[in-house]
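> Need the 3D shape of this:
(one chain, ligands or ions: 2)
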Amino acid sequence: MDQIIIHVDMDAFFAAVETRDDPSLRGKPLIIGSLPNERGVVATASYEARRYGVHSAMNIKEAYRLCPNGIYMHPHMEKYKAVSGQLHEIWNSYASALEAIAFDEAYLDVKEQAGDFAGARGIGHEIKRRTREELGLSCSVGVAYSKTAAKTASEEKKPDGYFEILTPEDYVALIIDRDVRSLYTVGEKTAEKLHASGIRTVRDIREKQDQVIRLLGKQGQWITRLAFGIDDRRVTPYRPEDAKSIGREVTFQKDTDDYEFLKDVLLLLAVCVDRRAKRVGLHGKGVALKLTYADMKQISRSQTVVSADSAADIYRNAVIMLAEVERRPVRLIGTGIYNLSGDEDRQLGFDDVFAESARSKETELKRLLDELKERYGLDFAGHLEQIYQTDTLHKTVEYMRKHRRR
Ligand code: TTP
Ligand code: MG
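Ligands and ions are numbered 1, 2, ... in the order given. Below you'll find the model as predicted:
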């Protein structure tokens, strides 16, 4: 076992920060998001408010109906971001690799510092103690042999929880009779497909592997492995704000839930990222995807890849990650590369091989751009020069949204 993973997730994060800073809110149903007289949704709710059935992403009017005596408040993102920085300082002191998933959530590889699971247990409790004493906040911690199991573990005893899942067998025993959704990374859409075929639980997946794979292809293989507790993904160091990355993003004038359109936007962003990387002579070893949902929840995903040396590579990997995220209206999308190294790091002596693969990636990009042309009636290949400019990129994206041929 070469990783020991901690997943840490703050409890009712935005609400907990507000309560900490204004103790008169303590013990009260607090709802952060839009105000009841506005259009919008709940970002998060204190556990007291959750008792009324209020939850993240719920329409604010619905929340108000359920909890008219709640305290409603707009989020203070700058404040949460600052707290997130302080959390990273604590987390970083125990991790040889840290992968941030959201402001309040991260995977830590603690194998080096912990040595074994007993050591990891100590670190887990230490993180909880320091978060409480230094920041006045509570979190839930999961210790496990894999990322999926660690995520499951941190959710198991929320709030202020601590839980361990040390072997694939323990993981399977815990979730075997739960819904397929409990296999983290199985999104809403995938779950619907599985349900429609009568596959409801993890046990069903294990018993109907062939069917799952026929239904979902490559993703089916991945899910089947998860159902047996197999997940050897690495904790991949990544922070969206990490300077050691090159990224581009767009904020839409209007939120969109058209994920086919989002894929097309990713292609343009990938082209921009690739050009910037080539200009500064850097190669990425990882590809990242970043989304802000309509309710301001931000997520980022990242993946170490064989090659991120072309727009086609970046695009392909970003699309794979996009397929895994929760499908809700999106206000911002971005992609980028990280783990950068310079041209000189490249293995020498394979010029022919590189030239050949570069040519095939050019062809792939041309094909992808041609498809865009068909969908939007815009000659992208002919106007790439302009798309790199932020202004034009935004205009192009808005144009695409209006002219998409469904
Ligand atoms: P979560 O960790 O999903 O939720 P939470 O920390 O509020 O509560 P829990 O104890 O269940 O972990 O998200 C972290 C923060 O991200 C949350 O405080 C507010 C924000 N957020 C949104 O803005 N919109 C959303 O839909 C979700 C789920 C979260
Ligand atoms: Mg949380």
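
> Every contact and neighbour count from this point should use C-alpha atoms.
OK.

> Ile199 and ligand 2, how far apart?
29 Å (CA to the ion, to the nearest Å).

> can you count the residues close to that residue?
Using other CA atoms under 10 Å, Ile199 has 21 other residues around it.

> give me phi/psi at it?
phi -100, psi 100 (degrees, to the nearest 10).

> And the contacts of stretch 124-139?
6, 8-11, 16-17, 20, 87, 90-91, 140-143, 159-162 (CA atoms under 8 Å, 6 or more residues apart in numbering).

> Repeat the analysis, applying 7 Å as the threshold.
By CA atoms under 7 Å, 6 or more residues apart in numbering, the residues outside stretch 124-139 that reach it are 8-11, 16, 20, 141, 159-160.

> Indicate the residue of this structure located nearest to ligand 2.
Met10 (4.1 Å; CA to the ion).

> For that residue, give me the pLDDT.
pLDDT recorded at Met10 is 98.

> and what of the one 3 residues further on?
As predicted, Phe13 sits at a pLDDT of 96.

> Leaving aside the residues adjacent along the chain, what's closest to it?
Beyond its immediate neighbours in the sequence, the residue positioned closest to Phe13 (CA to CA, 6 or more residues apart in numbering) is Asp104, lying 6.7 Å away.

> what ranges do the helices span in the stretch 51-200 of the chain?
60-66, 77-92, 111-114, 117-135, 147-156, 168-175, 188-196 (DSSP state H, counting those that start in this stretch).

> try the stretch 201-350 of the chain
Using DSSP H, counting those that start in this stretch, helices in the stretch 201-350 of the chain cover 202-207, 209-216, 218-227, 259-280, 311-322.

> Put together CSV for these, with mean pLDDT on each row.
Shown next, in CSV, are the helices of the stretch 201-350 of the chain (pLDDT from 0 to 100):
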stretch, mean pLDDT
helix 202-207, 98
helix 209-216, 95
helix 218-227, 92
helix 259-280, 90
helix 311-322, 95
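
> that older thread, now list the buried members of the contacts of stretch 124-139.
8-11, 16, 141, 159-160 (16 or more other CA atoms under 10 Å).

> returning to what we had before: what's the neighbour count on the residue nearest to Phe13?
21.

> ok, it - contacts?
9-10, 13, 84.

> Near ligand 1, list only the ones from the residues you listed.
Filtering these for proximity to ligand 1 by CA under 6 Å from any ligand atom leaves 9-10, 13.

> Tell me which of those residues fall in helices.
Among the ones next to ligand 1 among the contacts of Asp104, DSSP state H puts Phe13 in helices.

> coming back round to it: what's the most distant pair in the buried ones among the contacts of stretch 124-139?
Every pair in the buried ones among the contacts of stretch 124-139 was compared (CA to CA); the two farthest apart turn out to be Ala16 and Val141, at 16.4 Å.

> Pick the one among the ones next to ligand 1 among the contacts of Asp104 closest to Ala358.
Taking the ones next to ligand 1 among the contacts of Asp104 together and measuring to Ala358 by CA to CA, the closest member is Asp9, at 41.2 Å.

> Which strand residues bridge the nearest residue to the closest one once chain neighbours are set aside?
Distance criterion CA to CA, 6+ apart; nearest residue to Asp9, sequence neighbours excluded, is Glu105 at 4.4 Å. Beta-bridge pairing of Glu105 under DSSP bridges involves Asp9, Ala102.

> Contacts only, for Glu105.
Here Glu105 is in contact with 8-10 (criterion: CA under 7 Å, 6+ apart).
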